[in-house]
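Visitor: Kindly generate the corresponding structure for this input.
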Amino acid sequence: MGFFKKLFGREKKEKLDNGLKKTKEGFFGKITRAIAGKSKVDDELLDNLEEALISSDVGVDTTVNIIHRLRDRVEKDKFMNTQELSDILAEEICDMIGSKGIGDDDRETDFAVDKSKGTPYVIMVVGVNGVGKTTTIGKLAHQYKQAGYNVVLGAADTYRAAAIEQLCIWGDRVGVPVIKQQMGSDPAAVAFDTLQSAKARGADVVIIDTAGRLHNKKGLMDELSKIKRVMKKEVPEAPQEVLLVLDGSTGQNAIEQARNFIAATDVNCIAVTKLDGTAKGGAVIGICDQFKIPVKYIGIGEQIDDMQIFRPVEFVKSLFEGALTKN
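Guide: Numbers count the residues shown, from 1 in each chain. Model (predicted):
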């Protein structure tokens, strides 16, 4: 596809391609069946494609948006074959989600923070239990450390001893300190202590874990608000990121979780995890389309460096390359 350009290195591209392999196979298996035997794009084909996209966890609202765009293109171009359809489908999806990621630029490093203010860059991580929050924190800590930053972790999920233990394991693995208290301690107090310690250590990046109880519990949302208020007493800009972690393997349930968290707290970026183990990665398209909050990170494997900045163009390119179209 000519509108794509080379945006990042071969190693990152290979990781992305491998991480999206199951989604690509499932996504295009359904789309291929939808257009099989067709020589031109007509209403029946578009209806079949609509069903295929919905069943690929793209989501009803986003699918309707995509089909509407395709119908407009078909009407404008008058005639379109299935090869052209696949090219245009990629273009339209890319156009829809292109402004919903962090970017597709050539930066020296994906993981960069502004150190000029002299205070830590604070990331507060939220999401329900089981979505991969702790693993995401560990991988982010690794990436920031590899980029040359001094990183501190805060174990503010004090409701589960396992959460504190898992974060400490990641801290040891990455080689960064973890500030913790006993199970049952006030999460806001842990966050405050973490920022105090981080400032004393001259830390550049602080990542705060939080409890992951059910997203419809008002108490949890009140608690997150308290953590933010307390952190601002130590670092007025904190948290610069409120990162919502979603499990990509849950498909439409991830979109529902996002809707609830975004309504209840000031989420300003999203990470989608476990894309390597699922054929439901099409949910990323729906998440990008449905919310005005950028997807910043995607998890595409189990290794410590299998966390990437989300680049919409490269994501769509990886899905389409070598499938229905020729690059």
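
Visitor: gap between Cys269 and Ser197?
Guide: Counting by C-beta to C-beta, to the nearest Å, the separation of Cys269 from Ser197 is 24 Å. Placement of C-beta: from N, CA and C, glycine included.

Visitor: So those two - more neighbours on which side?
Guide: Cys269 (18 against 15; other C-beta atoms under 10 Å).

Visitor: Pull the number of nearby residues for the closest residue to the more buried one other than its chain neighbours.
Guide: Spatial nearest neighbour of Cys269, excluding adjacent residues (C-beta to C-beta, 6 or more residues apart in numbering): Lys296 at 4.1 Å. Other residues near Lys296 come to 22 when the count uses other C-beta under 10 Å.

Visitor: which stretch of helix or strand covers Lys296?
Guide: If you go by DSSP states H and E, Lys296 is part of strand 295-299.

Visitor: Show me what that strand is packed against.
Guide: Judged by 3 or more C-beta pairs under 8 Å, 6 or more residues apart in numbering; DSSP states H and E, strand 295-299 is in contact with helix 133-146, strand 241-247, strand 269-273, helix 283-290, strand 307-309.

Visitor: re the thing from before, next, find the distance separating the residue nearest to Cys269 from Gln196.
Guide: Per C-beta to C-beta, Lys296 is found 27 Å from Gln196.

Visitor: got a list of what the nearest residue to Gly19 once chain neighbours are set aside touches?
Guide: Leaving aside its sequence neighbours, Gly19 sits nearest to Ile300 (C-beta to C-beta, 6+ apart; 2.6 Å). Counting by C-beta atoms under 8 Å, 6 or more residues apart in numbering, Ile300 touches 15-16, 18-20, 275-276, 306-308.

Visitor: follow-up on the earlier one: any figure for the gap between the residue nearest to Cys269 and Lys280?
Guide: 20 Å.

Visitor: now Val128
Guide: In terms of C-beta to C-beta, Val128 sits 17 Å off from Lys280.

Visitor: what does Ala141 give?
Guide: From Ala141 to Lys280 the distance is 27 Å (C-beta to C-beta).

Visitor: rewinding a little: tell me which of the helices and strands packed on strand 295-299 lies nearest to Ala90.
Guide: helix 283-290 (11.3 Å; C-beta to C-beta).

Visitor: residues in contact with the closest one?
Guide: 57-59, 61-62, 65, 93, 96-97, 100-101, 246, 248, 250-252, 254-255, 258-259, 270, 272, 275, 295, 298, 310, 312, 315.

Visitor: same question, stretch 41-60
Guide: By C-beta under 8 Å, 6+ apart, the list of residues contacting stretch 41-60 reads 26-27, 30-31, 33-35, 38, 62-64, 66-67, 70-71, 74, 80-82, 84-85, 89, 251-252, 255, 279-283, 285-286, 289-290.

Visitor: Show the average pLDDT along that stretch.
Guide: Mean pLDDT, stretch 41-60: 87.

Visitor: residues of it that come out buried?
Guide: For stretch 41-60, a neighbour-count test (16 or more other C-beta atoms under 10 Å) marks 41, 45-46, 48-50, 52-54, 56-59 as buried.

Visitor: Stretch 189-199 too?
Guide: Going by 16+ other C-beta under 10 Å, stretch 189-199 has these buried residues: 190-195, 198-199.

Visitor: part of a strand, is Asn129?
Guide: No. Counting by DSSP: H, G, I helix; E, B strand; the rest coil, Asn129 falls outside a strand, being coil.

Visitor: any idea how far Asn253 is from the nearest residue to it once chain neighbours are set aside?
Guide: Closest residue in space to Asn129, ignoring its immediate chain neighbours: Gly212 at 3.8 Å, by C-beta to C-beta, 6+ apart. Per C-beta to C-beta, Gly212 is found 14 Å from Asn253.

Visitor: cool, Lys280 as well?
Guide: 10 Å.

Visitor: between these two, who's got more neighbours?
Guide: Lys280 (24 against 15).

Visitor: Mean pLDDT and distance to Asp114 added to the helices and strands packed on strand 295-299, as TSV?
Guide: Output for the helices and strands packed on strand 295-299, formatted as TSV (pLDDT from 0 to 100; distance: least, C-beta to C-beta, whole Å):
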stretch	mean pLDDT	distance to Asp114
helix 133-146	95	13
strand 241-247	95	12
strand 269-273	94	16
helix 283-290	88	25
strand 307-309	90	16
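
Visitor: Export those as JSON lines, with columns for distance to Tyr121.
Guide: Shown next, in JSON lines, are the helices and strands packed on strand 295-299 (distance: least, C-beta to C-beta, whole Å):
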{"stretch": "helix 133-146", "distance to Tyr121": "9"}
{"stretch": "strand 241-247", "distance to Tyr121": "8"}
{"stretch": "strand 269-273", "distance to Tyr121": "13"}
{"stretch": "helix 283-290", "distance to Tyr121": "24"}
{"stretch": "strand 307-309", "distance to Tyr121": "15"}
